[in-house]
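Enquirer: Please work out how this folds:
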Amino acid sequence: MSHKHQTLGEFIIENQSSFKYTSGELSRLINSIRLAAKVVNYEVNKAGLVDVLGAAGDTNVQGEDQQKLDVYANDKFIQTLVNRNIVCGIASEEEDDFISINSTDKNNQNKYVVLMDPLDGSSNIDVNVSVGTIFSIYRRITPVGTPVQIEDFLQKGNEQVAAGYIIYGTSTMLVYTTGDGVNGFTLNPAIGTFYLSHPQMRFPEHGSIYSVNEGNYIHFPQGIKNYIKYCQMEEDNRPYTSRYIGSLVSDFHRNMIKGGIYLYPPSTKNPQGKLRLLYECNPMAFIAEQAAGKASDGTSRIMDILPTELHQRVPFVCGSMSMVEKLESFMRDSQRS
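Expert: So this is what the prediction gives:
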């Protein structure tokens, strides 16, 4: 089948056998995320016409102001996953604690938990800049049929069975992996169907874009400062181009297509970094590695970190393989000196 005409639903069915757990449950889970994405996309595209812009008046568990669309997206994804009786637990960046889904069916055999950032980059909504949803899927480790526990969510990133993101931009795309490469699907809004548009996505090994909030430069560790100066030097196909949107999904997506590196390092303001390990870094790291890229905390692999809390923050660097490795070498050199 030509990928130009292959729908996401057809792709899921055709590739289900390549996944080591072939019960069909994961396929139904991806399908329910697809449905929620279409609902949220519809609302995002109405922003400015209806009262969904601006702050909701609340703060989330991280103390950040919640945008109205944050709350809407969070509610829609949770509602869709709960109503379809497809998962046994959900953790969201917008929720204080994980949600245990107690099915009315006492023989409930749901095996998967979902962790998500329902609307990444939502502060950009008011100015019509691309935002996204990030999701991460694990098999539970506690006994099936019992309520989920915190340990079902505090798993290393290398235990993920699927991860992906939806980017709501000039076109809406769903990009995901189940550990067998990365594929991107673009929504045809006229008929509400996602079509395979970007098969087997891969980071170029070398890139020419670096994405970092240089306004925080003075607060960065010396190794990061040295790397940024390296990016700006005029030699060997440099200086690199600086591009920073402030929406992880958008910055990551551009760098995967064009070749580049994304940095959210530790700083004197945020010594542990600012991005969440479970909702942002692990899923993006899984996608990056499946797309021939690399993801690191500056010194070691993101997906090898054992989480200790739901809303744990870590430094995050990801992108084209050679660029991340070069940054890590600058970090090592600065720690030795």
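Enquirer: how far does whatever helix or strand Val317 lives in sit from the chain's center?
Expert: Of the helices and strands defined by DSSP states H and E, Val317 is found in strand 316-320. Strand 316-320 has its average C-alpha position 13 Å from the chain's average C-alpha position, going by Cα atoms, centre = their mean, to the nearest Å.
Enquirer: ditto for stretch 86-97
Expert: Relative to the chain's own centre, stretch 86-97 is displaced by 15 Å; criterion: Cα atoms, centre = their mean.
Enquirer: now swap in stretch 251-262 and tell me
Expert: Averaging C-alpha positions (Cα atoms, centre = their mean) puts stretch 251-262 13 Å from its chain's average.
Enquirer: from now on call the first residue 34
Expert: Yep, numbering from 34; the last one is stretch 284-295 now.
Enquirer: For it, give the mean pLDDT please.
Expert: What stretch 284-295 shows for mean pLDDT is 98.
Enquirer: Show me what that stretch is in contact with.
Expert: Contacts with stretch 284-295, where a contact means Cβ atoms under 8 Å, 6 or more residues apart in numbering, come from 165, 198, 200, 206, 208, 215, 231, 234-245, 273, 276-278, 281, 317, 320-321, 324, 326, 349-353, 356-357, 360. C-beta here means a position set from N, CA and C on the backbone, and glycine is covered the same way.
Enquirer: Out of these, which end up buried?
Expert: Burial by neighbour count, 16 or more other Cβ atoms under 10 Å: within the contacts of stretch 284-295 this picks out 165, 198, 200, 206, 208, 215, 231, 234, 236-237, 240-245, 273, 276-278, 281, 317, 320-321, 324, 326, 349-353, 356-357, 360.
Enquirer: Just the ones of the residues you listed in strands?
Expert: Residues of the buried ones among the contacts of stretch 284-295 located in strands (DSSP state E): 165, 198, 200, 206, 208, 215, 231, 242-244, 326, 349-353.
Enquirer: Out of those residues, the closest to Thr301 would be?
Expert: Using Cβ to Cβ, Phe349 comes nearest to Thr301 of those, at 17.1 Å.
Enquirer: Tell me the helices and strands packed up against the strand holding Val350.
Expert: Contact analysis of strand 349-353 by 3 or more Cβ pairs under 8 Å, 6 or more residues apart in numbering; DSSP states H and E lists helix 281-291, strand 293-297, helix 315-323, strand 326-329, helix 354-369 as its packing neighbours.
Enquirer: so how far is Leu220 from Pro151?
Expert: Using Cβ to Cβ, to the nearest Å, Pro151 is found at 17 Å from Leu220.
Enquirer: Look at those two and report which has more neighbours.
Expert: Just comparing Pro151 and Leu220: by other Cβ atoms under 10 Å the higher neighbour count belongs to Pro151, 27 against 22.
Enquirer: tell me the phi and psi of that one?
Expert: Main-chain torsions, Pro151, degrees, to the nearest 10: phi -60, psi -30.
Enquirer: neighbours around the closest residue to Gly225 other than its chain neighbours, how many?
Expert: Nearest residue to Gly225, sequence neighbours excluded (Cβ to Cβ, 6 or more residues apart in numbering): Lys71, at 5.9 Å. Lys71 has 19 neighbouring residues, counting by other Cβ under 10 Å.
Enquirer: With Asn270 instead?
Expert: For Asn270, the neighbour count with other Cβ under 10 Å is 8.
Enquirer: wait, doesn't it sit right on Cys264?
Expert: No: using Cβ atoms under 8 Å, Asn270 makes no contact with Cys264, being 11.0 Å away.
Enquirer: Of the helices and strands packed on strand 349-353, which is nearest Leu339?
Expert: Each of the helices and strands packed on strand 349-353 has some distance to Leu339 by Cβ to Cβ; the shortest is helix 315-323, at 11.4 Å.
Enquirer: top helix in the chain by residue count?
Expert: Ranked by residue count, the top helix of the chain under DSSP state H comes out as helix 58-79.
Enquirer: what's it packed up against?
Expert: helix 41-48, helix 101-116, strand 145-153, strand 164-172, strand 195-201, strand 205-210, strand 215-221.
Enquirer: Can you add distance to Phe227 and mean pLDDT and give the ones you listed back as JSON lines?
Expert: Below are the helices and strands packed on helix 58-79 laid out as JSON lines (distance: least, Cβ to Cβ, whole Å; pLDDT from 0 to 100):
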{"stretch": "helix 41-48", "distance to Phe227": "4", "mean pLDDT": "89"}
{"stretch": "helix 101-116", "distance to Phe227": "15", "mean pLDDT": "89"}
{"stretch": "strand 145-153", "distance to Phe227": "18", "mean pLDDT": "95"}
{"stretch": "strand 164-172", "distance to Phe227": "14", "mean pLDDT": "96"}
{"stretch": "strand 195-201", "distance to Phe227": "10", "mean pLDDT": "96"}
{"stretch": "strand 205-210", "distance to Phe227": "6", "mean pLDDT": "96"}
{"stretch": "strand 215-221", "distance to Phe227": "4", "mean pLDDT": "96"}
